[in-house]
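Trainee: based on what follows, work out the 3D shape:
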Amino acid sequence: MNRKLLYLILFSILFTACDSKSQKAQEVQSVDVKYQKEIKKTDTYTLTTTKGEKISLELDNGLLSSKQLNGKMVLLNFWAPWCKPCIKEMPSFVKLQEKYKDDFIIVGVLFDKKTSKEELSTFMKKHNVNFPVTVGEENYKLAKAFDDVQMIPESFLYTKGGLFVKKFVGEISHSVLETYIKEQ
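Mentor: Presented below is the predicted three-dimensional model:
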C-alpha cells in the first residue's frame, strides 16, 4: 500500500470526532448494546432548554423515562457548536426530527461552557435547529452519568419504551439513524 493512501486513511479515521477538552479529533466508534457498559444509576436529571422549558430524565437500572418525551424514541446528543462533526450532522438531525416528529425526538445536550447564549441562538437559527437544546450545569452531571462523556459528538439512542439501543461516538450517518428509527 502506498504511503499517501495510508496517511489518507489514518487522517480520515482520526479526524471525525471532537475532544471536549482540547477540541482535537479522535476515532469514531459505534458500540452495540451488548458491548455497552450498562448505566445502572438511579437518578433524575432536570435539564433546561434554551426556551426555559424543563425536561426531566430518570435513569433507573439503564431504563430512560421522561414525562416530556414519553412515547418517543430518544436520541441524547452531547455536542458543541465549535465541533465540526457536530455541525456536519445538524442538517441530518433537522431532517429526521421533522420527518419523524411524532415518534422520535433529539435532545441536544450542549457540552460546552464557553458558548454564550447569543452565539448559541445564532448557531441554532443558522442551522434551523428544530429540537430542544439544553444548557446549564445539569448537562455535565448527565454527561458524567452517561459513561463520563469526553468526546463529542457522543449520542445515546433509546427506544420508545426507554431501553438503551446504541451509543455513537462521532458523527452519526443519516441512513444509519433512520434505519434505527424505522425499526421502532
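Trainee: now the strands: where do they sit in this protein?
Mentor: 17-19, 25-26, 29-32, 42-49, 54-60, 63-65, 73-79, 104-110, 133-135, 151-152, 154-158, 164-169 (DSSP state E).
Trainee: excluding residues flanking it in the chain, which one is nearest the residue nearest the centre of the chain?
Mentor: Centroid-nearest residue in the chain, with CA atoms, centre = their mean: N77, separated by 1.3 Å. Closest residue to N77 apart from its sequence neighbours, by CB to CB, 6 or more residues apart in numbering: S155 at 4.5 Å. Every C-beta, even on glycine, is put in place using the N, C-alpha and C of the backbone.
Trainee: burial measure for that neighbour, as a count.
Mentor: 27 (other CB atoms under 10 Å).
Trainee: tell me how far it lies from K125.
Mentor: Distance of S155 to K125, given as CB to CB, to the nearest Å: 23 Å.
Trainee: likewise D148?
Mentor: Taking CB to CB, one finds D148 at 32 Å from K125.
Trainee: again, but for L96
Mentor: Distance from L96 to K125, by CB to CB: 19 Å.
Trainee: same question for Y45.
Mentor: For Y45, the distance to K125 equals 27 Å [CB to CB].
Trainee: could you list the low-pLDDT ranges of the protein?
Mentor: 1-42 (pLDDT under 70).
Trainee: select the longest helix from it.
Mentor: helix 84-99 (DSSP state H).
Trainee: flag every buried residue along that one.
Mentor: For helix 84-99, the neighbour count (16 or more other CB atoms under 10 Å) marks P85, C86, I87, E89, M90, S92, F93, V94, L96, Q97 as buried.
Trainee: what's the closest non-adjacent residue to the last one?
Mentor: The one in question is Q97. F131 (4.7 Å).
Trainee: give the contact list for that neighbour.
Mentor: F131 is in contact with F93, V94, Q97, I105, I106, V107, G108, counting by CB atoms under 8 Å, 6 or more residues apart in numbering.
Trainee: likewise S65?
Mentor: Neighbours of S65 in contact, by CB under 8 Å, 6+ apart: L57, E58, G162.
Trainee: one more pass at 6 Å, please.
Mentor: For S65, the contact set (CB atoms under 6 Å, 6 or more residues apart in numbering) comprises E58, G162.
Trainee: ok, H174 next?
Mentor: H174 neighbours (CB under 6 Å, 6+ apart): S92.
Trainee: could the buried residues of helix 84-99 be laid out in a markdown table, adding distance to K141?
Mentor: Compiled in a markdown table, those are given as follows (distance: CB to CB, whole Å):
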| residue | distance to K141 |
| --- | --- |
| P85 | 24 |
| C86 | 20 |
| I87 | 25 |
| E89 | 24 |
| M90 | 25 |
| S92 | 28 |
| F93 | 23 |
| V94 | 27 |
| L96 | 27 |
| Q97 | 25 |
